[in-house]
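Participant: sequence first, predicted model second:
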Amino acid sequence: MIVADRKSLEEILSMVETDKKILVVGCKGCVTVCNVGGAKEVEVLASALKIARKKAENELEIDTHVLERQCDNEYVSQLGDTVGDYDAVVSMACGVGPQFLSEMYREQVFYPAVNTTFFGGATQHGVWEERCAGCGTCGIHLFGGICPIARCAKSLLHGPCGGSSNGACEVNKDTECIWDTIVKKKMEQGKVDDLLAVKGFKDWRSARDGGPRRSIREELVEGNI
Ligand code: SF4
Ligand code: SF4
């Protein structure tokens, strides 16, 4: 899932500083799962904005709505002409949401209320950790099922940098050196020599180095059915 954090109230207040009537739109996808942009968080933000503006004697009218997903035009289109009733729309989806909204409703201003951070999962209640950097050519089987691209601070693919200490990364002592973890796991399996088989350079064109990416399922494209 995509993991995100809500921006500070101060930052969002500064975005809507000159607006009198706004719509706050949530998303029932990943941002609901990581408790950042679902129905509950939309209402919390709307209340906080209203209170802050009331205190400043500059009242703000706010409506709220939660879409099934903001990354799908089928749902984005459900907002319809109502978008034009507002001075601005605040999106609580990941960075994809406000872009889909901006592309469909070209006259309106959309503000991102969320900072999109990484692809990851919950390791305990209330804690999410990064696991994937979306490189486009997954090779975790070469590293004991662990991704050094997303989980090594330097995305090293051919072994540790040599800076780790007691299993902690030299970049952040509160983070495990993932290469230490990979090597230990392969040693436990009696397969540490497998790591010597990782040769050459990764072709990064499948990642962001190749520019914006597109995924096409021919069988789902209209006209091909
Ligand atoms: S190898 Fe690439 S696709 Fe696989 S988990 Fe790592 S970043 Fe994600
Ligand atoms: S200490 Fe380990 S995790 Fe940190 S940058 Fe070096 S190899 Fe990567």
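Facilitator: Thanks, I have it. All of these numbers come straight from a predicted model, not from anything done at the bench. Ligands and ions are numbered 1, 2, ... in the order given.
Participant: V109 versus the nearest residue to S165 once chain neighbours are set aside, what's the distance?
Facilitator: Spatial nearest neighbour of S165, excluding adjacent residues (Cβ to Cβ, 6 or more residues apart in numbering): K173 at 7.4 Å. All C-beta spots, glycine's among them, are computed from the backbone N, C-alpha and C. K173 is 42 Å from V109, where distance means Cβ to Cβ, to the nearest Å.
Participant: higher neighbour count, those two?
Facilitator: V109 (15 against 11; other Cβ atoms under 10 Å).
Participant: what segments of this structure are helices?
Facilitator: For the chain, helices defined by DSSP state H occupy the ranges 9-15, 30-33, 39-55, 73-76, 96-104, 148-151, 178-188.
Participant: indicate which one of the ones you listed is closest to ligand 2.
Facilitator: Across those, ligand 2 has its closest neighbour in helix 178-188 (4.1 Å, Cβ to the nearest ligand atom).
Participant: who in this structure is up against ligand 1?
Facilitator: With the criterion set to Cβ under 6 Å from any ligand atom, the chain comes near ligand 1 through 132-135, 138-140, 147, 149-150.
Participant: R69: how many residues sit nearby?
Facilitator: If you count neighbours by other Cβ under 10 Å, R69 ends up with 19.
Participant: hang on, isn't it packed against C30?
Facilitator: No. If you go by Cβ atoms under 8 Å, R69 and C30 don't touch, sitting 9.2 Å apart.
Participant: pull the number of nearby residues for S47.
Facilitator: Applying other Cβ under 10 Å, we find 12 residues neighbouring S47.
Participant: also K154?
Facilitator: K154, neighbours per other Cβ under 10 Å, totals 14.
Participant: what sits against it?
Facilitator: Taking Cβ atoms under 8 Å, 6 or more residues apart in numbering, we find K154 in contact with 161, 171.
Participant: what does the longest strand along the chain rub up against?
Facilitator: For the chain, the longest strand by residue count, based on DSSP state E, is strand 114-124. If you take Cβ under 8 Å, 6+ apart as the criterion, strand 114-124 is touched by 1-7, 31, 34, 36-37, 91-96, 128-134, 150.
Participant: poorly predicted segments of this protein, please.
Facilitator: Along the chain, the parts satisfying pLDDT under 70 run over 225.
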